[in-house]
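Undergrad: Sharing a model that was predicted from the sequence below.
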Amino acid sequence: MAMEEGGSNESCGSRVNENTTSPGSVLQGRQQQQRMQQKLEVYNEILRRLKETNHEEANLPGFDDHLWTHFNRLPARYALDVNVERAEDVLMHKRLLHLAHDPANRPAIEVRLVQVHPTSDDNSADFILPDSPSKEAAQRKSVHPPPAFGSSPNLEALALEANKFDDQDGDNSVHANSKFFKPMHEITFSSDDRPKLLSQLTSVLAHIGLNIQEAHAFSTLDGYSLDVFVVDGWPYEETEQLRTALEKEVIKIEAWSNHRSSSPTSDHEKSKIKYDPDHVAIPNDVTDVWEIDPKHLKFENKVASGSYGDLYKGTYYSQEVAIKILKPERVNSDLQKEFAQEVYIMRKVRHKNVVQFIGACTKLPSLCIVTEFMSGGSVYDYLHKQRGVFKLPTLLKAAIDVSKGMNYLHQNNIIHRDLKAANLLMDENEVVKVADFGVARVKAQTGVMTAETGTYRWMAPEVIEHKPYDHKADVFSFGIVLWELLTGKLPYEYLTPLQAAVGVVQKELRPTIPKNTQPKLAELLEKTWKQDPALRPDFSEIIEILQQIAKEVGDDGECRKEKSSGGFLSVPLLGAMHAHVRYHQKITTSHVPWNHHHHLSHRQQPLPYLSQPTSHPLNLSTKWNNFKCLAAISKQAQRFFSAVLPTVATRDTSATNRLIKKFVASSPKSIALDALSHLLSPDSTHHPLLYLLTLPLYLKISEASWFSWNPKLVAQVVVLLDKQGLDKELKALMSETVSRLQFKERELVLFYCNLIGFNSKHNWVRGFDDSYSRLNQFVSDSNSVYVKKQGYKAMISGLCEMGRAREAEDLIGEMRERGLKPTLFEFRCVLYGYGRLGLFKDMERILDKMESGEIEVDTVCANMVLASYGAHNALPEMGLWLRKMKTLGIPLSIRTCNSVLNSCPTIMALMRNLDASYPVSIQELLKILSEEEAMLVKELTESSVLKEATKWDTSEGKLDLHGMHLGSAYVMMLQWMEETRNRLSDGEHVIPAEITVVCGSGNHSTVRGESPVKSMITEIMAQTRSPMRIDRKNIGCFVAKGNVIKKWLC
């Protein structure tokens, strides 16, 4: 959108102004990749990610400034620590701080489950490198987001150590060093900042049994707090109950802080809960945080009923749950014992293939167990009641799920003792989980266990004979279950359970394995039901065998698929689109040396998108880091581009297909889509190698199991097809999309809006005109106010981006005629559209319209005007506008300074040569500036921008240059030195213990590289012989004691 583009040129981050002389040119001679990284700042990265994901809040007028205000009110450490890959976390922090303004909301609380990335263990050679395939494999297993802030090595070490004991499921097929992440909870508080607040919050966490593993505490400039804790110790994954427990404990803490003690009644109730004989006694090795108050359970429909209890579907704090209630009239001492045993075991286990325990009610007569609700039902019902069938790949997946769950139980010395199809449940994603621990037992140290448990058809012979047994009894039962999955039949269906038991023990009776069974699977079945338990494999071995079989089955299927389809590019995409792809195009060899003796087979024929003529020479040594547009992608994607681009250059189709397939198969969804997003950006399509690689990558991604159809992504592909001249594919994809969305009016209008946006960003006139025509007609035909508003918003923005601001202004009039009130967004777009063309009279006319129409000219609009004047070197007009901003009471911002000072040629000339001597005072600087430049600098130094960037109290004096471009940082630094000298010498201000200058570089140097601001500040420090030195804890800061600074400046 036009407005967004304008905003990026004058952003609060460190990005340079592309419309002016680039401050980045000071680093000429350094590597191109480093120059790209130097432009990046956390604010701009967060803003970019939010807008690229089309986050609703990011599209609101003034969002850029609101987001910057959020960053600016918090210390620089916040931006340096926050995880830029989790941009939405910043919005969550922003929302909590806003809620904290209302005393009734304090403290505002957010709870979520996170997974900590284990890195390495110093005491072991078995470690994971940050960029190793092992870590990438582990990341693909992650089902929860990482913490909002970069974790310390201690937290990562804790997660790694915990993984050795908690989350082992024996899955060794990916990599011998693969580790799971440690699930923990992240709790975020926001309140008014006050003494002992942090102590009170940690007390809240301690009182409910949580262990703090990581803490981040921030205080805002306006007196609020943001405190983030990563904790473990909460016994289950759901977050709503934890939030409730926190809220209850906060009330108690608040009461303690106000010196109000607990009432005797409260203490009596606690005592009653602890010693009430009407409760079923549960072995008490942990706190009873799992105890559930029945009044919070809401019952829906009855799912199943048995002799001893009923199973209901219900909700617990809005979470969908299964509630197993014991019938009061059937409860006896044996059933109570079984109930207690199930609760005792379930609360101790946590694995993705074990049904999740949520809580229990132990108060008689209302005994119940609450677990996650498994919407897929039991495997038994699926096979024998619904007559379902498991195809071999699905069967193997289900068997692996069960094996992993059982392996986890055995590693924790738990024997299930009743493993059968009825105790295996499926969720909505067809993940199979082990359930029902009513007769499970914790294995004795001696390994000797006897008792008749379980069900005869699945029971191991040693259990039937009442002999001592161990975990291998579960392996036998698993073998019967595996046969059940394979055949869909009931074991020994023509025998009674007792007859089957006699046959298993005396005749070594086993189910008949079908003749067409995969050989290795048949061999595994025979191993699992060996009469001698010692000869049966452990579940860790079973997992390896099943995964190997699954790999072979998958490879065979892929091979048959390729033989039948002619290769990757013959696979259909979105219906008819791919039917148009053909392999008959000729290779164009004018730019690439080619061995004429090398003949291509059908499988090696060139991709149609890679065989088209190009006017650019193809460099065979091309690497990913030659392209600016790829500088910010993941290292995994960087390695992929390094490998694949040479194959594209040589048109080695087979190798290109193989590398694309491998990348998509081995990459998490986020990494694959991020790589594709970069290829679909306007920058990458300017280079032929990247330009031609885009569509094949998209085709393969669309086949991934995790891929979900996305109209925004499809819009980008449509633009690409149009630019490549693939008209048949374009028409097929458009037809498919419109058909898919024909009954979803809101989604269809957003698709057309995205088409306009992407065409305008690519400056693709033909595509823009076509999408504009479609959207205009759609808006005219619709009766929806939402559709009309979104349509006009996109058309006005797109027209301004295409340099057609006058047409955009006409659309504003058309909106009024149709009864729609134009918003600030539309006026901003037109304002920017005229400004970037240098049509200042039209721009000023729009400003007058805004004032007369009572539409506020805010700081964003004012900065757009300044950027427009600056882009056309209209310094006198810029000065007049600055004065008008002061008259109108429009506050100046850091973006204002960036726009103004990036337009001052003398200052920019100074910034191009870091080795030259700078003027080191405002007075010296004014002497070498032109009259217009001097006037602009005076206006800025008289504003409140410096005040907003500084902090001054007894503990710290700080100048925060974060987000400032070179020119702004230079002028602010000189002004700060002068004001600091005055404060230290006037006797009225305190001398801070420490004084800091933050340059906007440091913990995120791997993202941004060395900051040019830091280089410039270093030169000033050297010229003035400053005692300030780089902070060891944060290399982006210069620090010194307050008294030392006083001696230096005074």
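TA: Okay, I see it.

Undergrad: drop to CA atoms for contacts and neighbour counts, all remaining ones
TA: Will do.

Undergrad: Now residue 646: phi and psi?
TA: The phi/psi pair for residue 646 (degrees, to the nearest 10) reads phi -60, psi -30.

Undergrad: So for it, what pLDDT did the model give?
TA: We have a pLDDT of 82 for residue 646.

Undergrad: what does residue 280 give?
TA: 62.

Undergrad: Need the pLDDT of residue 673.
TA: What the model reports as pLDDT for residue 673 is 80.

Undergrad: my bad, residue 94
TA: For residue 94, the predicted pLDDT is 91.

Undergrad: How about the one 10 residues further on?
TA: The model reports residue 104 with a pLDDT of 84.

Undergrad: tally of neighbours for it?
TA: 9 (other C-alpha atoms under 10 Å).

Undergrad: Phi and psi next, for the residue lying farthest from the centre of the chain.
TA: In the chain, the residue that sits farthest from the middle, by C-alpha atoms, centre = their mean, is residue 506; the gap is 57.8 Å. Phi and psi for residue 506, reported as degrees, to the nearest 10, are phi -90, psi -30.

Undergrad: Distance-wise, check it relative to residue 464.
TA: Residue 506 sits 11 Å away from residue 464 when distances are taken as C-alpha to C-alpha, to the nearest Å.

Undergrad: same thing with residue 239?
TA: 43 Å.

Undergrad: Then residue 784?
TA: Using C-alpha to C-alpha, residue 784 is found at 70 Å from residue 464.

Undergrad: Looking at the two, which is more packed in?
TA: Neighbour tally, residue 784 and residue 464, criterion other C-alpha under 10 Å: the higher count belongs to residue 464, 20 against 12.

Undergrad: so what pLDDT did the more buried one get?
TA: Listed pLDDT for residue 464 reads 80.

Undergrad: got it, and residue 312?
TA: 90.

Undergrad: And the one 3 residues further on, by the same measure?
TA: If you check residue 315, the pLDDT there is 88.

Undergrad: so which strand or helix has it?
TA: strand 309-316 (DSSP states H and E).

Undergrad: Tell me the strands beside that strand, with direction?
TA: Paired neighbours of strand 309-316 in the sheet (DSSP bridges): strand 297-305 (antiparallel), strand 319-326 (antiparallel).

Undergrad: For the first one, list every residue counted as buried.
TA: Think strand 297-305. Neighbour-count burial for strand 297-305 flags 297, 298 (criterion: 16 or more other C-alpha atoms under 10 Å).

Undergrad: Can you show me the CA trace of that strand as CSV?
TA: Only the C-alpha atoms of strand 297-305 are listed here, as CSV (Å, rounded to 0.1, in the frame of the first residue of the first chain):
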residue,chain,number,x,y,z
LEU,A,297,-17.7,-28.8,35.1
LYS,A,298,-20.5,-28.5,32.5
PHE,A,299,-21.9,-31.7,31.2
GLU,A,300,-23.1,-32.0,27.6
ASN,A,301,-24.0,-35.4,26.1
LYS,A,302,-23.3,-38.9,27.4
VAL,A,303,-20.7,-40.6,25.2
ALA,A,304,-20.6,-44.1,26.7
SER,A,305,-22.0,-46.0,29.7
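
Undergrad: what does stretch 235-249 rub up against?
TA: Residues external to stretch 235-249 that are found in contact with it (C-alpha atoms under 8 Å, 6 or more residues apart in numbering): 109-113, 204-205, 207-208, 234, 289-290, 317, 347-348, 350, 356-358.

Undergrad: from the chain's centre, how far out does it sit?
TA: 23 Å (C-alpha atoms, centre = their mean, to the nearest Å).

Undergrad: Could you report the separation of residue 932 from residue 878?
TA: In terms of C-alpha to C-alpha, residue 932 sits 9 Å off from residue 878.

Undergrad: When those two are compared, which one has more neighbours?
TA: residue 878 (24 against 15).

Undergrad: Kindly provide the whole-number mean pLDDT of the host helix or strand of that one.
TA: In the assignment (DSSP H and E), residue 878 maps to helix 875-888. Averaged across helix 875-888, pLDDT comes to 88.
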